[in-house]
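> Show me the folded form of this:
(one chain, ligands or ions: 2)
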Amino acid sequence: MNTTRSSPAETDGAEPVLQQHFDATIARDQRIEPRDWMPEGYRRTLIRQIAQHAHSEIIGMQPEGEWITRAPSLRRKAILFAKVQDEAGHGLYLYSAAETLGADRADLTGRLIEGRQKYSSIFNYPTLSFADVGVIGWFVDGAAICNQVPLCRSSYGPYARAMVRICKEESFHQRQGYELLMTMMRGTREQREMVQDAVNRWWWPSLMMFGPPDDASPNSAQSMAWKIKRHSNDELRRRFVDMTVPQAEKLGVTLPDPELRWNEERGHHDFGTPDWDELMRVIKGDGPCNDQRMERRRTAHEEGSWVREAATAHAAKQAAREPKGAVA
Ligand SMILES: [Fe+2]
Ligand SMILES: [Fe+2]
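Ligands and ions are numbered 1, 2, ... in the order given. Have a look, this model is predicted:
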């Protein structure tokens, strides 16, 4: 199926009325549902955003997944296993949400594997120690929460509903990361140094997760007008910094930004500027782990082909066996 499906033929000539109805629904803060008429730009924007989000959940399993076999205890292994599995689940909800817009999951996977669709730049950084598992939970899942809680009110129904459940799980992810770091900070000097080192490496890439600054993010305004997106990149980044600074103090680590300080007047923290050239390089494929992540995803897809074939054959057999119209 094509991901740029055009409007059904029966809407020809009726578009102004349908457009008015769509605009009024958005203005009333009501939800657009799969069967409702929607402008093609809205559909395309949503498919792209939801697909990119789904790809990020799936690729995001890799950096931490590498530590499952090396977790320091059975308890940590079980927690990490559950967390990585949750991310697979998030990917599946999101691919399903994209399918309600007429996209095809196999096609979206193909686009990821061929490098025609992106995933979050953050997952192109390496996990060098077990402290990285904690810092990813704290920063990366924390940033995901800042980004995604407003998406629970997104104008597209299936996306908003998927986000409600995903956000509940993300908050568990964030807390498990923070708890892991708390435990390490109560440990040896080496463990505390591992935590600080991981914080130093992940802080700036985490700030980049919110995307380029507002004046370099041309699509944001339209997404906000459609109420797909509720806050600008810079606004969300600021929220993340304000939320994280007191947590860092409590944990006893330093955030690697000499410009970071509370601004009494603004009621927010001032902070330094991320290296936007680095973000662009990583997005374009030149991050430390881009090749490795894509290679692993391609291999997993190829190795999983027999499962897809078997499931399709099984479904066909079931369908042939059941009389037409039978209810399972
Ligand atoms: Fe997730
Ligand atoms: Fe997560």
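
> now the strands for this protein?
Ranges of strands in the chain, per DSSP state E, are 261-263, 268-270.

> which of these sits most buried?
Comparing these by mean neighbour count (mean count of other C-beta atoms under 10 Å), strand 268-270 comes out on top with a mean of 15. Using the backbone N, CA and C atoms, a C-beta is placed for each residue, glycine as well.

> and that one, what's its mean pLDDT?
For strand 268-270, the mean pLDDT works out to 97.

> Next: stretch 76-96.
Here the average pLDDT along stretch 76-96 is 97.

> So which bits of that stretch are buried?
76, 79-80, 83-84, 86-87, 90-91, 93-95 (16 or more other C-beta atoms under 10 Å).

> ditto for stretch 294-304
For stretch 294-304, by 16+ other C-beta under 10 Å, it's 294, 296-297.

> Show me which of the buried residues of stretch 76-96 is closest to residue 68.
Set against residue 68, the nearest of the buried residues of stretch 76-96 by C-beta to C-beta is residue 80 (5.5 Å).

> got JSON lines for the buried residues of stretch 294-304, with distance to residue 146 too?
Converted to JSON lines, the buried residues of stretch 294-304 look like this (distance: C-beta to C-beta, whole Å):
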{"residue": "294", "distance to residue 146": "27"}
{"residue": "296", "distance to residue 146": "28"}
{"residue": "297", "distance to residue 146": "26"}
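
> Okay, helices next: where are they in this protein?
For the chain, helices defined by DSSP state H occupy the ranges 15-27, 40-59, 61-65, 74-99, 105-113, 131-135, 141-148, 157-185, 189-208, 220-225, 233-251, 276-281, 290-303, 305-321.

> Select, out of the ones you listed, the one closest to residue 268.
The minimum distance between residue 268 and those falls on helix 233-251, with 5.6 Å, by C-beta to C-beta.

> Could you give the separation of the closest one from the chain centroid?
18 Å (C-alpha atoms, centre = their mean, to the nearest Å).

> thought residue 160 was touching residue 152?
Yes. Residue 160 lies in contact with residue 152 (C-beta atoms under 8 Å); the separation is 5.6 Å.

> quick one on the thing from earlier: by mean pLDDT, show me the worst of the helices of the chain.
Among the helices of the chain, helix 220-225 has the lowest mean pLDDT, at a mean of 86.

> List the buried residues in that helix.
So for helix 220-225, counting by 16+ other C-beta under 10 Å, buried means 220, 223.

> Phi first, then psi, for residue 100.
phi -70, psi -10 (degrees, to the nearest 10).

> What are the neighbouring residues in contact with it?
34, 158 (C-beta atoms under 8 Å, 6 or more residues apart in numbering).

> begin at 436 from here
Will do, 436 is the new start, and the previous item becomes residue 535.

> Return the distance of the closest residue to residue 516 other than its chain neighbours relative to ligand 1.
Distances taken as C-beta to C-beta, 6 or more residues apart in numbering put residue 503 closest to residue 516, at 5.9 Å, once the chain neighbours are dropped. Counting by C-beta to the ion, to the nearest Å, the gap from residue 503 to ligand 1 is 16 Å.

> And residue 539, by the same measure?
Residue 539 is 22 Å from ligand 1, by C-beta to the ion.

> Need phi/psi at that residue.
Dihedral angles for residue 539 - degrees, to the nearest 10 - are phi -120, psi 130.

> Return the distance of it relative to residue 545.
Taking C-beta to C-beta, to the nearest Å as the measure, residue 539 falls 9 Å from residue 545.

> Any idea how many residues pack against residue 615?
Residue 615: 23 surrounding residues under other C-beta atoms under 10 Å.

> Same check on residue 510?
Residues near residue 510, counting by other C-beta under 10 Å, number 9.

> Between residue 595 and residue 587, which has more neighbouring residues?
residue 595 (19 against 16).

> just to revisit the earlier point, return the most buried member of the helices of the chain.
Highest mean neighbour count among these (mean count of other C-beta under 10 Å): helix 566-570, a mean of 26.
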